[in-house]
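Engineer: Prediction below, plus the sequence it came from.
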Amino acid sequence: MTTVEANGVTLGVEHFGGAAAPLILLAGGTTMLSWPDALCEALARGGRHVVRYDLRDSGASTTVDPKAPAYTLRDLAADAAALARELDNRPAHLAGIDVGGMVAQVAALDHPDAFSALTLAGTRPVAPGRVDEDLPDHDEATMERLFSRRMPDWSDRAAVAEFAAAGAEILGNEPAAARTTAERIWDRTPGTEPAVQMANQLGVVFAKLDCKPRWRERLPELAIPTLVVHGRRDPFFPVGNGEALARQIPGARVLVLERAATAIPDEVAGEVATAMLAL
């Protein structure tokens with residue numbers, strides 16, 4: 001792992017594969033570890049230069065004040081475009097997962113010359129908050145279980161890992177994998193200040209961002225090959241969100257992971273990589 005200066009900020013990045021290969025840029029949601037190692041490695045074996053990165057206020061990227069971010073969704077989109085150009089003078093395949101998928105949509109719309117293909121995983125075509133009537137909202141019972149839990153001591157690595165594992169079980173993800181990822185995120189977070197650790201683990205910064213104007217109505221403008229990946233069992237952004245997203249992007253392909261929830265399990269990494277490499 002290393003850092004790259006782009007768009008006036010420092011972004012934490014990790015490389016897989018050779019730098020001369022075509023670039024696939026993976027926007028984290030919010031840390032780069034939202035993208036599993038197995039998928040990154042499969043893409044690299046397929047002849048791509050894979051770079052996953054942390055959004056601002058997470059991981060090794062610029063962290064200022066997660067409680068009151070002074071940037072917007074458009075700034076995060078500009079970060080992605082600047083990073084892609086910094087890493088390769090050719091347009092990149094941009095992929096975003098969860099909130100990173102929202103960043104990726106706006107980046108592809110606002111900076112079309114920077115990107116040659118788009119993968120959107122476990123996301124939706126609107127910002128956090130009130131959703132459009134045709135989009136299925138969070139599963140109410142699951143959200144009640146998830147958000148009624150007592151918060152851990154964010155400065156306690158073991159407590160944070162157990163909190164993540166329990167949350168994964170509620171969402172339908174693999175608890176052991178979530179525990180390991182939470183430990184890795186904790187280890188990569190600068191300092192043990194509770195607000196920073198919480199921001200890294202939960203991505204709470206994104207809910208505080210200015211995400212206006214809407215971009216959903218602009219999705220038909222996208223003229224690059226697009227893949228929408230979504231877990232059939234996702235209770236946070238139910239699969240209808242991904243299907244609606246794909247309907248608005250010309251020629252978009254949908255890959256529904258029948259046994260997946262919000263995370264991409266290692267056992268389907270090969271299937272997802274094959275679909276991404278086909279773009």
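Structural biologist: Received the coordinates, thanks.

Engineer: Need the residues that contact the worst-scoring helix or strand of the chain on mean pLDDT.
Structural biologist: Ranked by mean pLDDT, DSSP states H and E, the helix or strand of the chain with the weakest confidence is helix 194-202, at a mean of 92. Helix 194-202 is contacted by residues 30-31, 57-59, 63, 66-67, 151, 153-155, 160, 163-164, 182, 185-186, 188-190, 204-205 when judged by Cβ atoms under 8 Å, 6 or more residues apart in numbering. (C-beta placed from N, C-alpha, C; glycine too.)

Engineer: Just the buried residues out of these, in ChimeraX syntax.
Structural biologist: Command for ChimeraX, covering only those of these found buried under the criterion 16 or more other Cβ atoms under 10 Å:
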select :30,31,57,58,59,63,66,154,160,163,164,182,185,186,188,189,205
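
Engineer: what's the offset of the least confident helix or strand of the chain from the middle of its chain?
Structural biologist: Relative to its chain's centre, helix 194-202 lies at 16 Å (Cα atoms, centre = their mean, to the nearest Å).

Engineer: counting contacts, what elements does the helix or strand following it pack onto?
Structural biologist: Counting by DSSP states H and E, the next helix or strand C-terminal to helix 194-202 is strand 226-231. Helices and strands touching strand 226-231, by 3 or more Cβ pairs under 8 Å, 6 or more residues apart in numbering; DSSP states H and E, are strand 115-121, helix 239-248, strand 253-257, helix 269-277.

Engineer: Minimum distance to Phe16: which of these has it?
Structural biologist: helix 269-277 (11.3 Å; Cβ to Cβ).

Engineer: Deepest-packed of the helices and strands packed on strand 226-231, please.
Structural biologist: By mean neighbour count, with neighbours taken as mean count of other Cβ atoms under 10 Å, strand 115-121 ranks first of the helices and strands packed on strand 226-231 at a mean of 24.
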